[in-house]
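Visitor: Quick one, what's the 3D model for this:
(2 chains)
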Amino acid sequence: MTESKAAFPGNLRYTKEHEWVKVEGAVGTVGITDYAQSELGDVVFVDLPEKGRALVAGEELGTIESVKAVSEIYAPLSGEVLEINESLRNHPEKVNGDPYGEGWLLRVRITQPSEAEKLLSPEGYRSHVEEGGH
Amino acid sequence: MQQEAPGLRKTPLNEVIRQAGAKLVDFAGWEMPVQFRSVIEEHLAVRSRAGLFDVSHMGEIRVEGRGALELLQKLTPNDVGKLVPGQAHYTALLTPQATFVDDILVYRRDEQRFLLCVNASNAQKDFSYIRENAGAVRVEDASSEYAQLALQGPRAAAILGRVADQKVEAIPGYHFIEGSVRGAPALLSRTGYTGEDGFEIYLAPQHAAEIWLALLRAGEEDGLIPCGLGARDTLRLEARMPLYGNDIDETVTPLEAGLGFMVHLEKGDFLGSAILRRQKEQGVEKKLMGFELTDRGIPRHGYPLRAAGREVGCVTSGTYSPSLKKSIGLGYLPVASARIGERIEVVIRGSAVSGQIVKTPFYKRPS
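Guide: Next comes the predicted model:
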């Protein structure tokens, strides 16, 4: 077990697969965590779903490619894709520079709000990462 | 976050590299830095200024004494007889089938004294193979006697010049001197694996950390930064330098790999020479070609390659090229498809992504 230097904002919920979601009413904003971006290294492509696509919690919704590796992105919650972060097409490095801000990936209209209760708290996610993150 | 990796070998620079905050990975059984801060940043530093790599995992083999030249002439396709003392060349250890046991550098120290630099993953295999063929020639595994630093980039010569005890600016490419750095004996070689000007510095393990730090200090004003194996891989691929185990192995010959420059059939017979002679006369069936993607995606080792709608091979190496800002790769193609400009496709997670065969190297340093 190693203490992590990554950031774990308190207002977010997390998945074991290293996504975060910020729930505001019926809308959830989704991204990958600081720990995830640091493990991936320089992000060079982000492949995201079309607007309008229906997502089921846990399904693969896209991929992130860094110079070193490719990583799947999973839907933290069920919902419909409202908007994707178009700016990542030309500036994928935002995912590294500001994973909880300008590096957000997509917004969804949440269809199963109760699913949010099953996500990890900041403390829960931190312990998950400090135990190895797998 | 750093995972403890028990059982991995450590280079003499492990401690200083850890302290610099490098991300460490298992590479051929060695705990090596894959990156310090960012692969892209490190890559671009080498292209525009300079980068310093720990490559102490590389193996070194001494071949010396009566018969050393003849032994190397037999095992390698390049003409060792043409090397003068103080000169080096890139070549291969070949099987009797003319395929790669390894790709190596041969340094000629004097008439019958040679030093081979070999891949870490093959060091033991190479040593046994040379031994088996050596007869009475003295062959020694000298890997534990050397640490190796690679100082690469347009500012490399100026930086090394500040700490070396000899003049290094005038050492020509693929030549070396046996000199010293801050009093520590070192073999200073104008070679590298990045496509830039630069040096590979072989020195005793006990001096490695001190010289590493001295170089970083001497290069600070030039923007020298420590670099990991991640950038080493993207740099070498842009320069179309093959990686053993990806692009070349015991199933392909130097001619198939597009490394004909290392094959000197006129020097006389050597292991595999009959096969290479025949391939030269009749042509090869497959060839290692470079491609770039025109659609989005990154080709990676093992992804299927298609030409004219048919699967014809797979990607041997692929990456996002930080210099060209596009995706590039290498793969073997049947000669019928191996033409510059030919459309190809790479199958990335089930989808065919378009690309085309291009001239290599992908990147060539401004001369």
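
Visitor: give me the number of residues near residue 70?
Guide: You didn't pick a chain, so chain A it is. Residues lying near A:V70 (other CB atoms under 10 Å in any protein chain shown) number 16. Glycine gets a C-beta too; all of them are placed from N, C-alpha and C.

Visitor: Switch to chain B, please.
Guide: 14.

Visitor: and the helix or strand containing it, what does it pack onto?
Guide: In this structure, B:E70 is located in helix B:68-75 according to DSSP states H and E. The elements that helix B:68-75 packs onto, with contact taken as 3 or more CB pairs under 8 Å, 6 or more residues apart in numbering or on different chains; DSSP states H and E, are strand B:113-118, helix B:123-134.

Visitor: quick one: the helices in the stretch 151-300 of chain B?
Guide: In the stretch 151-300 of chain B, the segments counted as helices under DSSP state H, counting those that start in this stretch are B:156-163, B:205-219, B:229-238, B:273-282.

Visitor: just those: most buried one?
Guide: Each of the helices of the stretch 151-300 of chain B was assessed for mean neighbour count using mean count of other CB atoms under 10 Å in any protein chain shown. The highest is helix B:229-238, with a mean of 26.

Visitor: what about that one and chain A, any contact?
Guide: Yes. Using CB under 8 Å from any CB of the partner chain, a contact is recorded between helix B:229-238 and chain A, made by B:G230, B:T234.

Visitor: Dump that helix to PDB, restricted to CA.
Guide: Taking Å, rounded to 0.1, in the frame of the first residue of the first chain, the C-alpha atoms of helix B:229-238 are listed here in PDB:
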ATOM      1  CA  LEU B 229      12.200   4.300 -22.400                       C
ATOM      2  CA  GLY B 230       8.800   5.600 -23.600                       C
ATOM      3  CA  ALA B 231      10.500   8.500 -25.400                       C
ATOM      4  CA  ARG B 232      13.300   6.200 -26.500                       C
ATOM      5  CA  ASP B 233      10.700   4.000 -28.300                       C
ATOM      6  CA  THR B 234       8.900   6.900 -30.000                       C
ATOM      7  CA  LEU B 235      12.200   8.400 -31.100                       C
ATOM      8  CA  ARG B 236      13.600   5.200 -32.500                       C
ATOM      9  CA  LEU B 237      10.400   4.400 -34.300                       C
ATOM     10  CA  GLU B 238      10.300   7.900 -36.000                       C
END
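
Visitor: Show the average pLDDT along it.
Guide: Helix B:229-238 shows a mean pLDDT of 98 in the predicted model.

Visitor: Can you point out the buried residues in the longest helix seen in chain A?
Guide: Identified as the longest helix of chain A according to DSSP state H is helix A:122-130. Within helix A:122-130, the residues that count as buried by 16 or more other CB atoms under 10 Å in any protein chain shown are A:Y125, A:R126, A:H128, A:V129.

Visitor: Ok, stretch A:48-56 next?
Guide: Of the residues in stretch A:48-56, those buried by neighbour count under the rule 16+ other CB under 10 Å are A:L48, A:P49, A:L55.

Visitor: repeat for stretch A:62-82
Guide: Of the residues in stretch A:62-82, those with enough neighbours to count as buried (16+ other CB under 10 Å) are A:62-68, A:70-71, A:73-79, A:81-82.

Visitor: what's the strand or helix carrying A:E80 packed up against?
Guide: According to DSSP H and E, A:E80 maps onto strand A:79-84. When contacts are defined as 3+ CB pairs under 8 Å, 6+ apart, strand A:79-84 sits against strand A:54-55, strand A:106-110.

Visitor: export those strands to JSON lines and tack on distance to B:I61 and mean pLDDT?
Guide: Listed next are those as JSON lines, based on distance: least, CB to CB, whole Å; pLDDT from 0 to 100:
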{"stretch": "strand A:54-55", "distance to B:I61": "56", "mean pLDDT": "97"}
{"stretch": "strand A:106-110", "distance to B:I61": "54", "mean pLDDT": "98"}
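
Visitor: Output the ones you listed as TSV; include the columns distance to chain B.
Guide: Formatted as TSV, the entries for these read as follows, by distance: least, CB to the nearest CB, whole Å:
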stretch	distance to chain B
strand A:54-55	18
strand A:106-110	17
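
Visitor: what's the most buried one of those strands?
Guide: Greatest burial across these, using mean count of other CB under 10 Å, falls to strand A:106-110, with a mean of 22.

Visitor: who's in contact with that one?
Guide: Contacts to strand A:106-110, defined as CB atoms under 8 Å, 6 or more residues apart in numbering or on different chains, come from residues A:23, A:26-30, A:48-49, A:55, A:61, A:75, A:77-85, A:116.

Visitor: again, 6 Å this time
Guide: For strand A:106-110, contacts defined as CB atoms under 6 Å, 6 or more residues apart in numbering or on different chains pick out A:26-30, A:48, A:77, A:79-84.

Visitor: Contacts only, for B:G192.
Guide: Listed by CB under 6 Å, 6+ apart, the contact partners of B:G192 are B:A150, B:Q152, B:G198.

Visitor: The stretch 51-200 of chain B: strands as residue ranges?
Guide: Assignment of strands within the stretch 51-200 of chain B using DSSP state E, counting those that start in this stretch yields the ranges B:51-54, B:59-64, B:87-94, B:100-110, B:113-118, B:138-141, B:147-152, B:176-181, B:184-189, B:198-203.

Visitor: Just put the helices of the stretch 151-300 of chain B in CSV and tack on distance to B:I104.
Guide: Formatted as CSV, those follow (distance: least, CB to CB, whole Å):
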stretch, distance to B:I104
helix B:156-163, 22
helix B:205-219, 21
helix B:229-238, 15
helix B:273-282, 17
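
Visitor: Relative to B:R18, which of these is closest?
Guide: Shortest distance between B:R18 and the helices of the stretch 151-300 of chain B, using CB to CB, is found for helix B:205-219: 11.4 Å.

Visitor: and that closest one with helix B:156-163, angle?
Guide: If you take axes from the mean of the first three to the mean of the last three CA atoms, to 10 degrees, helix B:205-219 sits at 110 degrees to helix B:156-163.

Visitor: Output the set of residues of chain B in proximity to chain A.
Guide: Proximity of chain B to chain A is assessed by CB under 6 Å from any CB of the partner chain, with B:M1, B:S38, B:V39, B:I40, B:G230, B:R296, B:I298, B:Y320 identified as the residues in range.

Visitor: quick one: low-confidence ranges for chain A?
Guide: Residues of chain A that meet the criterion pLDDT under 70 lie in A:1-3.

Visitor: Tell me which stretches of chain A form strands.
Guide: Listed in chain order, the strands found in chain A under DSSP state E are A:13-14, A:19-24, A:27-32, A:43-47, A:54-55, A:60-66, A:70-74, A:79-84, A:106-110.
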